[in-house]
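Colleague: here's my sequence, what's the structure:
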Amino acid sequence: MVLRDLKENETELLKTFLYEAIFIPEGVKAPEKEIIEQPELKLYYEDFGTGSADHCIVADDDGKVVGAVWTRIMNDYGHVDDKTPSFAISLFKEYRGQGIGTQLMRKMLELLRKNGYKRASLAVQKANYAVRMYEKVGFKTVDENDEEYIMVCEL
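Modeller: Alright, predicted model coming up:
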């Protein structure tokens, strides 16, 4: 497994991983793939690479991208201010639970630190098992609503 930067010609992969990032509770039917075309989700990938906080690291398993973590400053669910990049991360199901997500998160946090960012944020559904991983890499809950935690990692 190699962690590397997303290549310019791979930005379409963000759509795939955005769909994979949608948390689907046990027993709930997955939404149609077209859900990622909704305006509040398009902002995760549309014109990616044009913003100063647009960074993406992928997990490459022998030439196949199996996971991605990416950041950008956007008015998403995890938005805390206009200087703090928001995180998105996902892995194909068969690659989850192997520590790859933690490696991706740590590498991205280091990249943001090196680029002068003071903190990063994300939103995660309370029932999502990834909450523990986010806490392990340094995120802390700063706000919440009925369904989600808003988490921040001080860099």
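
Colleague: phi, psi for the residue positioned nearest the centre of the chain please.
Modeller: The chain has Ala88 as the residue nearest its centroid, 1.3 Å off, counting by C-alpha atoms, centre = their mean. The phi/psi pair for Ala88 (degrees, to the nearest 10) reads phi -140, psi 140.

Colleague: who touches stretch 132-149?
Modeller: 77, 80, 101-102, 105-106, 109, 120, 122-126, 131, 150-154 (C-beta atoms under 8 Å, 6 or more residues apart in numbering). C-beta: built from backbone N, CA, C; applies to glycine.

Colleague: quick one, which of the residues you listed are buried?
Modeller: 77, 80, 101, 105, 109, 120, 122-124, 131, 150-153 (16 or more other C-beta atoms under 10 Å).

Colleague: show me which residues of the lowest-mean-pLDDT helix or strand in the chain are buried.
Modeller: Of all helical and strand segments in the chain, the minimum by mean pLDDT, DSSP states H and E falls on helix 39-42, at a mean of 92. Counting neighbours by 16+ other C-beta under 10 Å, one finds that the buried residues in helix 39-42 are Leu41.

Colleague: repeat that for stretch 13-27.
Modeller: Buried residues in stretch 13-27 (16+ other C-beta under 10 Å): Leu13, Leu14, Lys15, Thr16, Phe17, Leu18, Tyr19, Glu20, Ala21.

Colleague: kindly report the same for stretch 26-36.
Modeller: Ile36.

Colleague: end to end on it, go ahead and measure it.
Modeller: End-to-end span of stretch 26-36 (C-alpha to C-alpha, to the nearest Å): 21 Å.

Colleague: and the contacts of it?
Modeller: Residues from elsewhere that reach stretch 26-36 (C-beta under 8 Å, 6+ apart): Lys15, Leu18, Tyr19, Ile22, Ile24, Leu41, Lys42, Tyr45.

Colleague: dump the strand ranked longest in the chain to PDB, restricted to CA.
Modeller: For the chain, the strand with the greatest residue count under DSSP state E is strand 64-72. Coordinates of each C-alpha in strand 64-72 appear next as PDB, following Å, rounded to 0.1, in the frame of the first residue of the first chain:
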ATOM      1  CA  LYS A  64      -5.700   0.700  -7.700                       C
ATOM      2  CA  VAL A  65      -6.800   3.700  -5.700                       C
ATOM      3  CA  VAL A  66      -8.700   2.200  -2.700                       C
ATOM      4  CA  GLY A  67      -9.100   5.200  -0.500                       C
ATOM      5  CA  ALA A  68      -8.800   9.000  -0.300                       C
ATOM      6  CA  VAL A  69      -8.600  11.800   2.200                       C
ATOM      7  CA  TRP A  70      -9.100  15.300   0.900                       C
ATOM      8  CA  THR A  71      -9.500  18.800   2.300                       C
ATOM      9  CA  ARG A  72     -10.700  22.100   1.200                       C
END
